[in-house]
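S.K.: no sequence on this one, just coordinates:
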Ligand SMILES: O=P(O)(O)OC[C@H]1O[C@H](O[C@H]2O[C@H](CO)[C@@H](O)[C@H](O)[C@H]2O)[C@H](O)[C@@H](O)[C@@H]1O
């Protein structure tokens with residue numbers, strides 16, 4: 001049984017001449033979307049095959065935030081995920097270990113997602129919060145323990161912690177430079193002091209390493225019966241796609257509505273298509289509190305097909 005998304009275009013070729021800009025590099029005309037789809041099949045169309053290959057395996061779910069769970073919008077502070085998506089992720093996490101891996105800081109991404117049954121990896125995996133007692137957590141150099149609002153002990157894994165004072169210094173210097181430049185242009189202003197450049201420490205840590213750390217934390221370090229499913233839309237998600245491909249197991253899925261160079265093996269066009277996999281097609285419980293279990297009795301496609 002294949003699933004078709006209502007948002008799948010009837011004329012995939014309509015974007016065939018789209019010009020994509022990658023990281024400010026010169027524009028390049030890439031393959032048509034349909035040709036790209038042949039290389040990175042839609043996860044909707046290949047869902048049955050994925051399910052068949054996953055028999056007897058434990059699914060572990062990794063989800064990027066911006067562009068995956070929430071649509072890309074102009075103002076980063078308004079990149080809200082819908083309650084329907086929140087409910088769907090809540091339900092996915094009810095069946096499978098689930099992590100949200102984001103470039104945003106931990107605090108920000110967890111405030112956007114507002115779910116307690118997922119773990120969060122913020123700052124491109126450089127700030128990971130997991131419940132104390134998880135399997136990996138034996139790195140005193142980078143781990144600190146705190147107690148959350150509910151009184152539960154949590155472990156914060158921050159491999160780049162030592163760079164924080166330097167980052168703050170750089171930010172101050174940059175802000176001063178940007179302020180002095182913008183001052184000369186009375187028709188321009190800096191809104192809210194928001195950082196528009198991301199400065200990352202030069203350490204060997206990224207979303208791929210975060211995925212490995214989280215798999216260990218979930219207890220899959222020596223297991224041979226798990227399948228990671230990582231869904232993301234950004235350049236930084238490529239590190240996680242690479243790790244999954246290197247493992248030789250699991251599903252790296254890119255969310256993109258235009259052809260892009262990617263290590264992902266599968267694709268989804270947009271967050272709506274993701275929802276058609278993890279959301280409940282028949283579920284009408286839009287008024288259900290996203291923090292509680294949906295009780296309508298219908299089980300979404302992913303959970304229904306993969307859950308043990
Ligand atoms: O790893 P992610 O969860 O995908 O976060 C990556 C960056 O997302 C945000 O920026 C992007 O989304 C914004 C809101 O839709 C959009 O305005 C911006 O153009 C995108 O680049 C966030 O602001 C960054 O801090 C994250 O690193």
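M.R.: Alright, I've got the coordinates. It should be emphasised that the depicted structure is a prediction, and the values quoted were computed from it without experimental measurement.
S.K.: Please name the residues that touch the residue in the stretch 51-200 of the chain that the ligand sits nearest to.
M.R.: The minimum distance from the stretch 51-200 of the chain to the ligand, using C-beta to the nearest ligand atom, falls at residue 103 (2.6 Å). Glycine gets a C-beta too; all of them are placed from N, C-alpha and C. Neighbour list for residue 103: 65, 66, 123, 124, 198, 234, 236 [criterion: C-beta atoms under 8 Å, 6 or more residues apart in numbering].
S.K.: My reading is that it lies in a strand. Confirm?
M.R.: No: per DSSP: H, G, I helix; E, B strand; the rest coil, residue 103 lies outside any strand segment and is coil.
S.K.: In contact with the one residue in the stretch 151-300 of the chain that gets nearest to the ligand, which residues?
M.R.: As assessed by C-beta to the nearest ligand atom, the ligand sits closest to residue 234 within the stretch 151-300 of the chain, at 4.7 Å. Residues in contact with residue 234, defined by C-beta under 8 Å, 6+ apart, are 64, 66, 67, 103.
S.K.: Could you find the lowest-pLDDT member of the contacts of residue 103?
M.R.: Minimum pLDDT for the contacts of residue 103 is recorded at residue 198 (62).
S.K.: Torsion angles phi and psi at the most centrally placed residue in the chain?
M.R.: Geometric centre of the chain, nearest residue: residue 64, 0.7 Å, by C-alpha atoms, centre = their mean. Main-chain dihedrals, residue 64, degrees, to the nearest 10: phi -80, psi 160.
S.K.: what do you get for residue 43?
M.R.: Dihedral angles (degrees, to the nearest 10) for residue 43: phi -60, psi -20.
S.K.: Report the contact partners of it.
M.R.: By C-beta under 8 Å, 6+ apart, residue 43 lies in contact with 50, 251, 253, 266, 267, 268, 273, 277.
S.K.: try it again with 6 Å
M.R.: 253, 266, 268 (C-beta atoms under 6 Å, 6 or more residues apart in numbering).
S.K.: if I look at it, how far off is the ligand?
M.R.: As judged by C-beta to the nearest ligand atom, to the nearest Å, residue 43 and the ligand stand 18 Å apart.
S.K.: By neighbours, which of the contacts of residue 43 wins?
M.R.: With neighbours taken as other C-beta atoms under 10 Å, the top of the contacts of residue 43 is residue 253, carrying 31 neighbours.
S.K.: Name the SS class of that residue, please.
M.R.: Recorded secondary structure, residue 253: strand (three-state DSSP).
S.K.: surely it meets residue 231?
M.R.: Yes: if you go by C-beta atoms under 6 Å, residue 253 and residue 231 touch, sitting 4.6 Å apart.
S.K.: Show me which residues of the chain sit near the ligand.
M.R.: 64-67, 72-74, 76, 79, 102-104, 198, 234, 236 (C-beta under 6 Å from any ligand atom).
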